[in-house]
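Peer 1: no letters, just coordinates:
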């Protein structure tokens, strides 16, 4: 053990915020990244969050490790937990519409009904991924 050395003439105390632990995501890109960051900021364990939401702890773990994306039915409570809808500023308008639809927990059918359009109406790419498929190909 190394003894600490102090200077009796110096009455300076340095303090700083504790750095986030290594499990804290470096970039907030996915739903799982945002969820993990917010959970760590609140000092919760994965099992605490799972118990709060009546889920298996493995489900929260899979989301945070980006093994699976949360099902749309879980997104409203995740958005409530986060306090915002995470989206990438580089997303196309269609991708932003999809993120908002999912955050509200709307299926494509329910979303179309709420907007008063048919489910076949396409917002951008048609398959909900922001435009990777041509408008005339495939089904919605």
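Peer 2: Here it is on my side, so go on. Note that the coordinates shown come from a computational prediction; the quantities given were computed from them, not determined experimentally. Numbering: from 1, shown residues only.
Peer 1: in this protein, which residue is most central in space?
Peer 2: Nearest to the geometric centre of the chain sits residue 31, at 2.4 Å (Cα atoms, centre = their mean).
Peer 1: verify the stated contact: that one with residue 78.
Peer 2: Yes - if you go by Cβ atoms under 8 Å, residue 31 and residue 78 touch, sitting 6.6 Å apart. In this view, the C-beta of every residue, glycine as well, is placed from N, C-alpha and C.
Peer 1: quick check: neighbours shared by these two?
Peer 2: Listed as contacting both residue 31 and residue 78 by Cβ atoms under 8 Å, 6 or more residues apart in numbering are residue 70.
Peer 1: that older thread, report the contact partners of the residue nearest to the centre of the chain.
Peer 2: Per Cβ under 8 Å, 6+ apart, neighbours of residue 31: 63, 69, 70, 75, 78, 86.
Peer 1: dihedrals phi and psi, it?
Peer 2: phi -50, psi -40 (degrees, to the nearest 10).
Peer 1: what packs against the worst-scoring helix or strand of the chain on mean pLDDT?
Peer 2: Ranked by mean pLDDT, DSSP states H and E, the weakest helix or strand in the chain is helix 93-103, scoring a mean of 83. Packing partners of helix 93-103 (3 or more Cβ pairs under 8 Å, 6 or more residues apart in numbering; DSSP states H and E): helix 75-82.
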